[in-house]
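Trainee: Provide a 3D model corresponding to the input given below.
(2 chains)
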Amino acid sequence: MKTTEATALPRRSTAWRVFRIPALLAAVSIFGLISALLGDGIWNALSWGALGVPLLVIAYFSLKPAST
Amino acid sequence: MLKSRTIRSWYWVHKWSSLVCTLFLLMLCLTGLPLIFRDEIDAAFGHDAPAAELPEGTPDASLDRIVAAGRQRYPQEYVRSLFWDEDRPHVVNLFLAAGPDTDDPARNRFMAFDARTAQLLDEHQPSLDFMSVMLRLHEELFLDLPGELFLGLMGLLFVASIVSGVVVYGPFMRKLEFGTVRRDKSRRVRWLDLHNLLGITILLWILVVGATGVMNTLATPLFGLWRAQALPVLLAQYRGKPMPEVAQFGSLDQAVASARQALPGNEIGSVVFPTARFGSPRHYIIWTKGQTPVTSRLFTPVLVDVQTNALTQAQGLPWYLRALEVSRPLHFGDYGGLPLKIIWALLDVVAIVVLGSGLYLWLARRKSPIEARIAEIERGEVYAFETAQVTTQ
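Mentor: Presented below is the predicted three-dimensional model:
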C-alpha cells in the first residue's frame, strides 16, 4: 500500500506503520481515563465511549472470520 | 528497527519479568473482578438499615451525643474513628477497637447511627466474608504490610513486562497488519497473535491500572512518612505529658465546627480520634475533601487539639499523598458510574486472557528444542514474512 513511503524511509516508516494504531488507541484510552476524572455527566459518557474503543477493536479483530 | 541482539535482551526482560509475576497478577485480576463492584455487592447483600424518613432540613444531632452513646454501650472499647456513610444519607458510623493503639480484631466493631436522631441503626463486627477475603488477598495476601510491599514488587515487574512487551511487539509485527490473527497456522501462532493484539490494545489501561496499583501498595509507608514529617513539630509542645484520657477529650461538635470554619468549601468525611499509631495522640484529625469531581479526590486533614479544641493545622497533603489520592480512582475504576465499572471489568477479563495466553505461549514453547526457542523471534518473523507475502500478492 505505502511501498513508496516504505522504501524512502524504511526505519522510521516501519515503526510508524506498526505503532500508529497502538498509539492512537493509547491516546483514546488516556482521554477516556482522564475525562471521567474531570467531570460528571457528559464527561462520564465520553469516558465510556473512549474506553469502549479498545474493547470494540478486540471484539472486531478476534471475532473476524479468517480471510482467504 | 532494532538490532537482533537488542530484541533478544528485551525479549529476555519480557519473558522473565512476566514469568515471575504472572501467577500473582492472575490472582490480582481474579480477585479484582468482584472488587470493582464492591459497592453494588455490599448494597445488595448488606444488612444496613437506612436512616429514618424525616422532613428535609431536619438538623443533625450532636456528634458528641452519638459518640457518648457508642461509649456507653461498649465502655471497655475505644471509639477510634467516626465517618459519614457514603452510601446511606444521614448515617454516621463509629468504629470501635480495643484501644487507641492496641489491635485485637475480635473486638473491632462498627456502629451506625441516624445522624439526625442519634438512634443506633445497626452494629456489626467485621467478619471474613467473601468480599473481605477477596480484598485481603488483593491488597496483602493475608500478610499485612510485607504482603502489600511484595505485591507492589510484583506490580513493578508487571510494569516492566508491559514496557518490554511493547518493545518486542515492534519486530513481531513488522510484516503483519495490525490485528492480524493467523488462524490457518498452529494453535501457538494463533495465541501469539491474540496475545499481541489484546496486549497492545489495552496497553494504556493496563499500564495505568498496574502503575496505580503499585502506588497503592505504598500507602502505608507514605502515610507513615507524612506523619513522621508533620507530627513531631506539632507534638513538641506536649513532650513528656501523658496522652489525655477519654474523659478529658473536648467537644467533637466544636472541633468539627472549627474545621468547617477553616475550610468552608470542603465537606467533612471522617474523624480520627487520638491514636499514636494511626493518627495523632493529641488531636482529632478531621478529614475533609473538596466537592468538585476533581477535588473530591483530594483530602485535607484538619488537626484540632483534643483537649483545648484549638485549631492546630489545616493544610493540604504533600505531593506524594496527593499522587496516591489521584492514583486511587484510576486503579479502582469507581469514578464514572456503573458503565465505567463494567468497562473496567471487561478490560480486566482481557488482561486475564493476555496473562493466560502469555503463560500458555511459554509452556507450549518448552516442548520445542532449545535451538528453536533461541530462534523464537526470527521464527516469528519468518511466519510474519510468509503471511505478508501471501497478503500482498
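
Trainee: show me where the stretch 251-393 of chain B has strands.
Mentor: Here the stretch 251-393 of chain B has its strands, by DSSP state E, counting those that start in this stretch, at B:267-272, B:283-289, B:299-305, B:311-314.

Trainee: would you list those strands in JSON lines and tack on mean pLDDT and distance to chain A?
Mentor: Placement of C-beta: from N, CA and C, glycine included. Converted to JSON lines, those look like this (pLDDT from 0 to 100; distance: least, CB to the nearest CB, whole Å):
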{"stretch": "strand B:267-272", "mean pLDDT": "96", "distance to chain A": "16"}
{"stretch": "strand B:283-289", "mean pLDDT": "96", "distance to chain A": "15"}
{"stretch": "strand B:299-305", "mean pLDDT": "95", "distance to chain A": "16"}
{"stretch": "strand B:311-314", "mean pLDDT": "90", "distance to chain A": "25"}
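
Trainee: can you put those in JSON lines and add distance to B:Leu207 and mean neighbour count?
Mentor: JSON lines is the format used below for these (distance: least, CB to CB, whole Å; neighbours: other CB atoms under 10 Å in any protein chain shown):
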{"stretch": "strand B:267-272", "distance to B:Leu207": "30", "mean neighbour count": "18"}
{"stretch": "strand B:283-289", "distance to B:Leu207": "27", "mean neighbour count": "23"}
{"stretch": "strand B:299-305", "distance to B:Leu207": "26", "mean neighbour count": "23"}
{"stretch": "strand B:311-314", "distance to B:Leu207": "36", "mean neighbour count": "18"}
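
Trainee: Make CSV out of those strands and add distance to B:Ala236.
Mentor: Shown next, in CSV, are the strands of the stretch 251-393 of chain B (distance: least, CB to CB, whole Å):
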stretch, distance to B:Ala236
strand B:267-272, 20
strand B:283-289, 13
strand B:299-305, 13
strand B:311-314, 12
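
Trainee: Need the residue closest to the centroid of chain A.
Mentor: By CA atoms, centre = their mean, the mean C-alpha position of chain A lies nearest to A:Leu25, the distance being 2.4 Å.

Trainee: Send me stretch A:42-54 as CSV with only the CA atoms.
Mentor: The C-alpha trace of stretch A:42-54 is given here as CSV (Å, rounded to 0.1, in the frame of the first residue of the first chain):
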residue,chain,number,x,y,z
ILE,A,42,-21.1,14.3,29.5
TRP,A,43,-17.5,13.7,30.7
ASN,A,44,-18.5,10.3,32.0
ALA,A,45,-20.3,9.4,28.8
LEU,A,46,-17.2,10.5,26.8
SER,A,47,-15.1,8.3,29.0
TRP,A,48,-17.3,5.2,28.4
GLY,A,49,-17.2,5.9,24.7
ALA,A,50,-13.4,6.3,24.6
LEU,A,51,-12.6,3.3,26.8
GLY,A,52,-15.1,1.2,24.9
VAL,A,53,-12.9,1.6,21.7
PRO,A,54,-10.2,-0.9,22.7
